[in-house]
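S.K.: Okay, predicted coordinates and the sequence, questions at the end:
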Amino acid sequence: MDSRRLEARDGSAGATERQHSRGKLTARERLALLFDDGIFHEIGSLRRHQARGFGLEENRPYTDGVVTGWGTVHGEVVYCFAHDFRIFGGSLGKSHAEKIHAVMDLALQAGRPLVSLNDGAGARIQEGVTALAGYGGIFARHVRASGRIPQISVMLGPCAGGAAYSPALTDFIFVVDGVSQMYITGPDVVRSVTGESVTHDGLGGATVHAGQSGVAHFRYTDEEECLQEGRDCCTNR
C-alpha cells in the first residue's frame, strides 16, 4: 500500500486520540464492526476537496471526511458511507457530498441496502452554497430510493442541520446513549434566539428521540451493540 493510501486509511494519530477521548470509535473502526471481516471495498479514498479561502487550500486531507464503499454483511452486499469526525468534524463539502452521491447511486442501481454511519457537524460553512447543494443531492437520492431499497441510519455523534435531515428521510434510525445527537441547530443558537439553556443530549440525544419525538427506532447503550444489531437489520436477520 502506497504512502497516500496509508495516510488516507490511518489519518492523524492526534485526531484519533481525540475521537477516542470522547468515547467514540473512528469511522474505520465502525466499518470493521459493521462488515464481515475484511470484506469492505472503499471508493474515493484519495479524494480531496478543491475549495479555496479560509485556509482550506492549505488543509486538504484524503477522503475529505467521509469513507464510502461496499462490502458484505452476513455474506450479503451492503453499501455504506461513514462520516469521519476527525476530518473537519465530519462536515460536508462539495467533494464529500459527491462521494456520498456516488455510493447512493450504486446502492440503488444494485438494489442493495444503504447504511450511513453519521458523525458530522452538517454543512461545511467555508464552502457555502456548494455544501448546501450537496445536501440537496443527498435528500433527492433518499426520496428516489424510498420503497426501493432499505435505508438505515446509525447516529454516532453530534449530527446537526443537514446531517439530521438526511437520516430523517431513511427507513430506520439507530441511536446510542451518550453518543448520538440529532438537531437542526445546536444549543448555542437555541440560547441566543430563545434564551433557553439546553444541553446537547437534552436537545436531541438518544433519550429524546427514542422516548419522546419518535424519530429514532432503536436505542443502545454502546456503539458495538448498536452496530451488531445494525448488521442484522440490513440483512433481515
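M.R.: Cool, the structure landed.
S.K.: Just give the nearest non-adjacent residue to S116, would you?
M.R.: Nearest non-adjacent residue to S116, counting by CB to CB, 6 or more residues apart in numbering: S153, 5.0 Å away. No exception for glycine: its C-beta is placed from N, CA and C like everyone else's.
S.K.: and that neighbour, that's in a strand?
M.R.: Yes. Checked against DSSP: H, G, I helix; E, B strand; the rest coil, S153 lies within a strand.
S.K.: Please tell me I have it right and it contacts Y165.
M.R.: No. Contact criterion CB atoms under 8 Å: S153 and Y165 do not qualify, at 10.9 Å.
S.K.: more neighbours, the two?
M.R.: More crowded of S153 and Y165, by other CB atoms under 10 Å: S153, with 28 against 17.
S.K.: ok, and the helix or strand in the chain with the lowest average confidence?
M.R.: Least confident helix or strand, the chain: helix 3-10 with a mean of 80, by mean pLDDT, DSSP states H and E.
S.K.: Contacts for stretch 216-225 next, please.
M.R.: With contacts defined as CB atoms under 8 Å, 6 or more residues apart in numbering, stretch 216-225 is touched by 24-25, 30, 33, 155-156, 172-177, 179-180, 182, 206, 209-210, 226, 229, 233.
S.K.: So for the residue of the chain positioned farthest from its centre, what's the pLDDT?
M.R.: In terms of distance from the mean C-alpha position of the chain, G195 ranks first, at 30.3 Å (CA atoms, centre = their mean). The score at G195 is 90. That number is its pLDDT.
S.K.: Next one: it relative to R28, how far apart?
M.R.: Distance of G195 to R28, computed by CB to CB, to the nearest Å: 41 Å.
S.K.: Could you do L117 as well?
M.R.: Taken as CB to CB, the span from L117 to R28 is 10 Å.
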